[in-house]
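*Asks:* model this:
(2 chains)
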Amino acid sequence: MIRLVVRKRAKSLGWGALVVYLCALALALFICGVLLRLSGRPGLGGLAILFQGAFGQSYSLLDDLVKAIPIFLCSLGVALSFRMQIWNIGAEGQFALGAVGATFVALSLPGLPWPVLLPLMFLAAMLAGGLWGLIPAALRLRLGVNEIISSLMLNYVGILVLDYLVFGVWKDPASFGFPMTAEFGPGGQIARMGPTLGLNLGKLHWGLLACPLAGVAYGVFLSRTRLGFELAACGEGERVARYAQLPYGFLVLLVLGAGGALAGLAGSIECSATLGRLQPTVMVGYGYTAIVVAWLARLKPWPIAFTSFLLASLRVGVEVLELKLQIPAAFGQIMEGGILLCVIAGQFFLDYTVSLRRPEAPVAPVASGASCAPGVKEAA
Amino acid sequence: MKHWLRTIGLAALAAGLLLTGCQKAPEKKADDAKNGELKVGFVYTSPVGDAGYSWAQDQGRKAIEKLPGVKTEFVESVKEGADAERVIENMARSGDQLIFATSFGFMDPTIKVAKDYPNVKFMHCSGFKSAENVDNYFGRMYQARYLTGMVAGLMTKSNIIGYVAAFPIPEVIRGVNAFTLGARSVNPKAQVRVVWTKTWFDPALEKDAAISLLDVGADVITQHQDSAGPMEAAAQRGKYCIGYNSDMSKYAPKSHLTAAVWNWAPMYEAIVKEVRAGSWKGGRALWWGMDKGVVDIAPFGPMVPKAVQDKVNAQKALFQKGEDKVFVGPIKDQAGQVKIPDGVKAEDKDLLGMTWFVEGVVGSIQ
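*Replies:* Numbering: from 1, shown residues only, chains lettered A, B, ... in the order given. As a prediction, the model looks like this:
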């Protein structure tokens, strides 16, 4: 009898990882093509439209980029805490609070020019998002409350705070009772990049600049500072960290606070650049997408940027596909989900090798440091 | 070192690709339609499904699709924010000459895209903004609500009617008010209890909301959401229900008295005709009522007595003639203060911005 043997890889795949990802993507696209055929649409043609829609035109690339900005910032935020095994699921609520903080400044100081107003809005957003992130941190350190539950629950509270303000005290008197604040003054709206640079850059806005800044800060902090190193060490577990006399509590506060600040920043940028006002529809689930992105990208900054862009472009492409082939929205979501699932499943092969062995065949000596995958018995 | 070179290289490559792409301005002019074909796009906020608001909109789309030389396309479940702007722009880019954005949340995105595509005509539903190439439009659903309120007022025995409301926005509040005025016009003792779900489509939650109303003694349930959840709840308890958006009798055949329904076909056919004839104008606010057939009530269920049907049909005939006295004073608010004085008819702008409940409603706006 032939048995499946799963082993942990002794060393990382390096560029081979790219091959794994491409294979996973190819498989996903193949499945999508078959599904399209089964629903009576052109399979290969559909994939071409998907690709065209996502990357085919300069404006589609720009649309991808615009959509990737909030995902990237939120994802950096959650990745920071995942690094030390603090499971911050609260980016969505921190995003909401960021939007609220920025709106508070924009509405209270409407006449200011942008060089003053925008930084103040960002500051307020980061403060609001950061403080929102500190709540689960404090609950964990003081009372031992699991941060997965508390940060998740605070998402709903955060969104309700936003709704309360928009349906209530901040409602624009000129909006006929509809839930939206007044439009921010010109100083409170992030401008589009195109006109200033004399290029046709579509909806791309200056909020993009926050991405390289945050990305570099994230990379430098983790790889070049003592605190970043300690943070990685804390990822081994709380008891290890405390035994090594690392400032565990401080680091928990830091990662959740900084993560919240990043998500808050994303909220303020989305609010100011794409809506120009606060309304409940600013919440579209970027905080949850961010978690998927962080995992897919294995918490590293460049892959996070790349994955954010790919996920954003997938959505943009699927939208075009829905339009051109008149595909139901649910079908589009199935395709998105299928592609994600394949890529996540593909990641398994980055860490493990699978081979077929007969039981009588001698087992190759296990390389040092390698071990069996959890839950899989090694054939002996 | 090598690592850094690689990243910088990749970044430069990406930036280069992007900038080369950007030198060429994207074509903003809509493709000339082949041999006079009119391409019409529809944007829906929820899945078309089989009974809700978007379903009713889609019936309108299907009606104009049948006209010669008209081609339609739609995208459903579009999120009402930055995503909507992209979807609407994609439609304009792909050559649609007329675009219906069918939900309130598409208002700002529609106005923004319209600015960049002056040759495309936009119709935005249920908002309050218009522009040179944007009309806003809606239907006087409150007329149908008034009629269904009469049915509820005549059929209730406990004099408690349950209203599962969506969001506290004027459209919904106006519906609750018209329904209550209708109910109390025939049954002054009737009260309408309101529960907010803050959802447009969440069958389980909306069903639970209806159950909470049944628990306080309501024996007729109506709703403002797209799901049939409240209908189911009423049917399970053996109480009456009144649907919304479309005829929902198939979900509760023994309980369904009638429904307040949308019928967009006459309006959309008229708009297409205008565009064809070149008489379409932007900047308008079109608010059509039962006289033009945009709103109606579904056929009565078998349990509605003839006397009730006659009474409601008599009022319906008045609406169809264009006689609309739903919001004619005296109308008091919940505190008993007169908001619309005796003999005065509320103006459209007051109806469009309505944020208070009439006397007889139990519940708050928040």
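*Asks:* can you tell me which residue sits nearest the middle of the chain?
*Replies:* No chain was given, so I picked chain A. When C-alpha atoms, centre = their mean is applied to chain A, the residue found nearest the centroid is residue A:290 (1.8 Å).
*Asks:* nope, chain B please
*Replies:* Geometric middle of chain B (C-alpha atoms, centre = their mean) lands on residue B:53, at 6.0 Å.
*Asks:* my guess is it meets residue B:227, correct?
*Replies:* No: under the criterion of C-beta atoms under 8 Å, residue B:53 is not in contact with residue B:227, lying 10.4 Å apart. Every residue, glycine included, has its C-beta placed from N, CA and C.
*Asks:* so residue A:282 makes contact with residue A:272?
*Replies:* No: judged on C-beta under 8 Å, residue A:282 makes no contact with residue A:272 at a distance of 10.2 Å.
*Asks:* OK, contacts around residue 280?
*Replies:* Looking at chain A here, since you left the chain open. A:159, A:162, A:163, A:166, A:179 (C-beta atoms under 8 Å, 6 or more residues apart in numbering or on different chains).
*Asks:* sorry, I should have been clearer: chain B.
*Replies:* B:121, B:271, B:274.
*Asks:* can you name the residue of the stretch 1-150 of chain A nearest chain B?
*Replies:* Using C-beta to the nearest C-beta, the closest approach of the stretch 1-150 of chain A to chain B is made by residue A:58 at 3.1 Å.
*Asks:* how about the helices in the chain?
*Replies:* Assuming you mean chain A. A:16-38, A:43-51, A:58-83, A:91-108, A:114-143, A:147-167, A:193-197, A:210-224, A:226-234, A:238-243, A:248-269, A:286-296, A:301-325, A:329-351 (DSSP state H).
*Asks:* chain B is the one I meant
*Replies:* Under DSSP H, chain B gives helices at B:2-23, B:53-65, B:82-93, B:107-116, B:141-155, B:170-186, B:203-215, B:229-237, B:265-277, B:306-320, B:348-352.
*Asks:* using PDB, list the CA coordinates for the last one.
*Replies:* As requested, the backbone C-alpha atoms of helix B:348-352 are provided in PDB (Å, rounded to 0.1, in the frame of the first residue of the first chain):
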ATOM      1  CA  ASP B 348     -42.300  67.600  -1.300                       C
ATOM      2  CA  LYS B 349     -39.200  68.900   0.300                       C
ATOM      3  CA  ASP B 350     -40.700  68.400   3.800                       C
ATOM      4  CA  LEU B 351     -41.700  64.900   2.900                       C
ATOM      5  CA  LEU B 352     -38.200  64.200   1.500                       C
END
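*Asks:* now it: buried residues?
*Replies:* B:351, B:352 (16 or more other C-beta atoms under 10 Å in any protein chain shown).
*Asks:* and that helix with chain A, contact?
*Replies:* Yes: contact of helix B:348-352 with chain A is found when judged by C-beta under 8 Å from any C-beta of the partner chain, involving B:349, B:352.
*Asks:* does residue A:70 touch residue A:283 like I think?
*Replies:* No: if you go by C-beta under 8 Å, residue A:70 and residue A:283 don't touch, sitting 10.8 Å apart.
*Asks:* any residues in contact with both of these two?
*Replies:* residue A:95.
*Asks:* residues near residue B:138, how many?
*Replies:* Residue B:138: 20 surrounding residues under other C-beta atoms under 10 Å in any protein chain shown.
*Asks:* show me what contacts it?
*Replies:* Per C-beta under 8 Å, 6+ apart, neighbours of residue B:138: B:125, B:126, B:171, B:286, B:287, B:288.
*Asks:* let's have those residues in CSV, adding neighbour count and pLDDT.
*Replies:* Below are the contacts of residue B:138 laid out as CSV (neighbours: other C-beta atoms under 10 Å in any protein chain shown; pLDDT from 0 to 100):
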residue, neighbour count, pLDDT
B:125, 24, 95
B:126, 22, 90
B:171, 20, 91
B:286, 17, 95
B:287, 14, 95
B:288, 17, 95
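*Asks:* ok, and of these, which contact chain A?
*Replies:* Counting by C-beta under 8 Å from any C-beta, no member of the contacts of residue B:138 is near chain A.
*Asks:* tell me which of those fall in strands.
*Replies:* Judged by DSSP state E, the subset of the contacts of residue B:138 located in strands is B:125, B:286, B:287, B:288.
*Asks:* hey, what's the last one bridged with?
*Replies:* The one in question is residue B:288. residue B:139 (DSSP bridges).
*Asks:* ok, it touching residue B:140?
*Replies:* Yes: here residue B:288 reaches residue B:140: they are 6.8 Å apart, a contact under C-beta under 8 Å.
*Asks:* mutual contacts of the two, please.
*Replies:* With C-beta under 8 Å, 6+ apart, residue B:288 and residue B:140 have common neighbours residue B:294.
*Asks:* so which bits of the stretch 101-250 of chain A are right by chain B?
*Replies:* Near chain B, when you scan the stretch 101-250 of chain A using C-beta under 8 Å from any C-beta, you find A:163, A:167-168, A:175-179, A:199-203.
*Asks:* redo that, cut-off 7 Å
*Replies:* Contacts of the stretch 101-250 of chain A with chain B, taken as C-beta under 7 Å from any C-beta of the partner chain, map to A:167, A:176, A:177, A:178, A:179, A:199, A:200, A:201.
*Asks:* any stretches of chain A with poor pLDDT?
*Replies:* For chain A, the stretches with pLDDT under 70 are A:1, A:358-380.
*Asks:* what separates residue A:354 from chain B, distance-wise?
*Replies:* Applying C-beta to the nearest C-beta, to the nearest Å, the value for residue A:354 to chain B is 29 Å.
*Asks:* count the residues that sit near that residue.
*Replies:* Neighbour tally, residue A:354, other C-beta under 10 Å: 12.
*Asks:* excluding chain neighbours, what is closest to it?
*Replies:* Distances taken as C-beta to C-beta, 6 or more residues apart in numbering or on different chains put residue A:6 closest to residue A:354, at 5.4 Å, once the chain neighbours are dropped.
*Asks:* tell me which of the helices of chain B sits most buried.
*Replies:* Highest mean neighbour count of the helices of chain B: helix B:141-155, a mean of 27 (counted as mean count of other C-beta atoms under 10 Å in any protein chain shown).
*Asks:* residues near the nearest residue to residue A:161 once chain neighbours are set aside, how many?
*Replies:* Spatial nearest neighbour of residue A:161, chain neighbours left out: residue A:100 (6.3 Å); criterion: C-beta to C-beta, 6+ apart. Using other C-beta under 10 Å, residue A:100 is surrounded by 27 other residues.
*Asks:* roughly how far does residue A:100 sit from residue A:128?
*Replies:* Taking C-beta to C-beta, to the nearest Å as the measure, residue A:100 falls 6 Å from residue A:128.
*Asks:* how many residues are close by residue 200?
*Replies:* Since you didn't name a chain, this refers to chain A. Residues near residue A:200, counting by other C-beta under 10 Å: 18.
*Asks:* not what I meant, chain B
*Replies:* Neighbours of residue B:200 (other C-beta under 10 Å): 18.
*Asks:* distance to residue B:201 added to the contacts of residue B:138, as CSV?
*Replies:* Below are the contacts of residue B:138 laid out as CSV (distance: C-beta to C-beta, whole Å):
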residue, distance to residue B:201
B:125, 17
B:126, 16
B:171, 16
B:286, 26
B:287, 25
B:288, 25
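*Asks:* and which of these is nearest residue B:244?
*Replies:* Closest to residue B:244 out of those is residue B:171 (11.7 Å), distances taken as C-beta to C-beta.
*Asks:* excluding its backbone neighbours, what's nearest the closest one?
*Replies:* Distances taken as C-beta to C-beta, 6+ apart put residue B:126 closest to residue B:171, at 6.1 Å, once the chain neighbours are dropped.
*Asks:* these two touch, right, the one you found and residue B:107?
*Replies:* No: Residue B:126 is beyond contact range of residue B:107, at 8.3 Å (criterion: C-beta atoms under 7 Å).
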